[in-house]
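1. Attaching a predicted model along with its sequence, questions to come.
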Amino acid sequence: MNHFINMVELENIKNKQFILKEGHYCNYNHFIINGCFRSFFINKKGVEKTVNFGIEDWWLTDFDSFINKTQTKLNIQATEDAIILKISKFNFDTILQNSLEINKYFRIILERVRIADQRRIQYMFNLSGEELYTTFYKYNPEFVQRIPQYMLASYLGFTPEFLSKIRAKKHS
C-alpha cells in the first residue's frame with residue numbers, strides 16, 4: 001500500500017476549476033477525497049450535457065482518453081472546493097500489474113460503474129421524467145443537495161424548468 005501512496009499526487013481544487021478540458025489528453029485517474037465534480041460535454045447546439053458526477057471516495061476520469069490516449073471530448077469540473085488524489089496512467093498500470101489486491105479493487109469499481117451505467121440507460125428509456133427524478137433522488141440524495149439544479153437537469157436529460165416543476169410537485 002505504501003507503494004501506491006508514493007504513486008499518487010495530492011491536489012487542492014477550487015470551485016469551478018477544471019481538472020480536464022475538452023481537446024486535452026486525460027493523463028490522470030482522480031480519487032475524490034473531498035468535494036464534488038461533474039463531467040460534461042458541450043453538444044453541437046452549445047448546450048452542456050452532464051455525463052456523470054463524483055463525490056467523496058469516488059474515482060473520476062475520462063476512461064476513453066485515459067486508456068486510449070486520445071483527446072478528450074469531456075470536461076471535468078469541480079462544483080465545490082475539493083481535494084483529490086491523482087495517479088498517472090503509467091503509475092496506474094504499474095500498480096495494477098504489481099498488486100493483485102489493487103487490481104481486484106479497481107476491477108470491482110469498474111464493474112459497479114458499468115452496472116450503474118446500464119441501470120441509468122434502462123431508467124432513461126423506461127421511466128417517466130418524474131419516475132426518473134424519484135429514482136435518482138432515492139439512490140443519490142447527497143447529489144440533489146449538493147449540485148445546482150441545472151446540472152442535475154442536464155444529467156437527467158431535462159430542462160431546468162421541467163425539473164423545477166417535478167420538484168415543486170414532489171414537495172407540495
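-> All right, it came through fine.
2. Show me what the helix or strand of the chain with the lowest mean pLDDT is packed against.
-> Counting by mean pLDDT, DSSP states H and E, the weakest-scoring helix or strand in the chain turns out to be helix 2-5, with a mean of 72. Where contact means 3 or more CB pairs under 8 Å, 6 or more residues apart in numbering; DSSP states H and E, helix 2-5 is packed against helix 89-98. Quick note: C-beta positions are derived from backbone N, CA and C, even for glycine.
3. Need the contact partners of stretch 62-79.
-> Counting contacts by CB atoms under 8 Å, 6 or more residues apart in numbering, the residues outside stretch 62-79 that touch it are 13-30, 35-42, 51, 53, 60-61, 89, 146-148, 151.
4. Show me which of these are buried.
-> 13, 19-20, 22, 26, 28-30, 35-40, 51, 53, 60-61, 89, 146-147, 151 (16 or more other CB atoms under 10 Å).
5. give me the low-pLDDT residue ranges for this structure?
-> 1-2 (pLDDT under 70).
6. can you give me the angle the helix ranked longest in it makes with helix 89-98?
-> Across the chain, the longest stretch assigned as helix under DSSP state H is helix 100-126. Put simply, helix 100-126 runs at 110 degrees to helix 89-98, going by axes from the mean of the first three to the mean of the last three CA atoms, to 10 degrees.
7. buried sites along helix 100-126?
-> Going by 16+ other CB under 10 Å, helix 100-126 has these buried residues: 102, 120.
8. Centre of the chain to that helix, how far?
-> In terms of CA atoms, centre = their mean, to the nearest Å, the centre of helix 100-126 is found 12 Å from the chain centre.
9. From the contact counts, what lies against that helix?
-> helix 89-98, helix 129-139.
10. Output the first one as PDB, restricted to C-alpha atoms.
-> So the one you mean is helix 89-98. Only the C-alpha atoms of helix 89-98 are listed here, as PDB (Å, rounded to 0.1, in the frame of the first residue of the first chain):
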ATOM      1  CA  LYS A  89      -1.500   6.300 -16.500                       C
ATOM      2  CA  PHE A  90       2.000   4.900 -16.100                       C
ATOM      3  CA  ASN A  91       1.700   4.600 -12.300                       C
ATOM      4  CA  PHE A  92      -1.800   3.200 -12.600                       C
ATOM      5  CA  ASP A  93      -0.700   0.500 -15.000                       C
ATOM      6  CA  THR A  94       2.400  -0.300 -12.800                       C
ATOM      7  CA  ILE A  95       0.400  -0.600  -9.600                       C
ATOM      8  CA  LEU A  96      -2.300  -2.800 -11.300                       C
ATOM      9  CA  GLN A  97       0.500  -5.100 -12.600                       C
ATOM     10  CA  ASN A  98       2.200  -5.400  -9.300                       C
END
